[in-house]
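Q: The following block contains a protein sequence and its predicted model.
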Amino acid sequence: MKYKILASLMAVSLNTVAAQKSFELQSCDVESQRAVVGETGGKISDTRQAHISVRANVLSADISTTRKARKLTQVEAERMLNRVEAIRDQTNQFVEQQGFLSAAEEASFDREFDAIAMRLCK
């Protein structure tokens with residue numbers, strides 16, 4: 001009888017651990033996110049702008065998913081989403097003004113996205 005209870009408790013705890021590990025987000029794989037190549041077209045005319053746009057889309061989706069899973073408060077999620085949108089807007093402004101997004105600007109925005117992703121994935 002004791003062994004049956006112990007075995008069932010172990011099975012429940014293993015399922016819990018497996019469920020927690022299955023909650024993986026694309027944003028957490030920072031290396032692959034930095035290597036993402038976006039497509040130009042429509043309002044996106046620069047390849048670096050396309051990269052930032054794709055990262056912003058993935059990060060926004062992951063923030064929403066994490067919020068729905070109640071791993072973030074509404075305030076935290078809104079703050080992160082606002083920052084992602086601000087980066088997207090800055091990117092678009094640079095491309096409008098200069099005609100392109102510089103490598104330095106892209107690197108700076110990537111670092112900011114990495115910081116948001118690390119807070120999201122902790």
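A: Looks like it arrived, so ask away.
Q: Next, E24: secondary structure please.
A: coil (DSSP: H, G, I helix; E, B strand; the rest coil).
Q: residues touching it, list them.
A: Listed by Cβ atoms under 8 Å, 6 or more residues apart in numbering, the contact set of E24 is empty. The way it works is simple: take the backbone N, C-alpha and C, and place the C-beta from them, glycine included.
Q: and with 10 Å instead?
A: The neighbourhood of E24, defined by Cβ atoms under 10 Å, 6 or more residues apart in numbering, consists of 62, 121.
Q: go on, the one 3 residues further on?
A: Taking Cβ under 10 Å, 6+ apart, we find S27 in contact with 33, 55, 58-63, 65-66, 113-114, 116-118, 120-121.
Q: Just the buried ones from those, in ChimeraX syntax?
A: To isolate the buried members of the contacts of S27 in ChimeraX, using 16 or more other Cβ atoms under 10 Å:
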select :33,55,58,59,60,62,63,65,66,113,114,116,117,120,121
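Q: Now intersect the contacts of S27 with the strands, please.
A: Using DSSP state E, no member of the contacts of S27 falls within strands.
Q: mind listing which of the contacts of S27 are in helices?
A: Of the positions in the contacts of S27, 33, 55, 58-63, 65-66, 113-114, 116-118, 120-121 sit in helices, assigned by DSSP state H.
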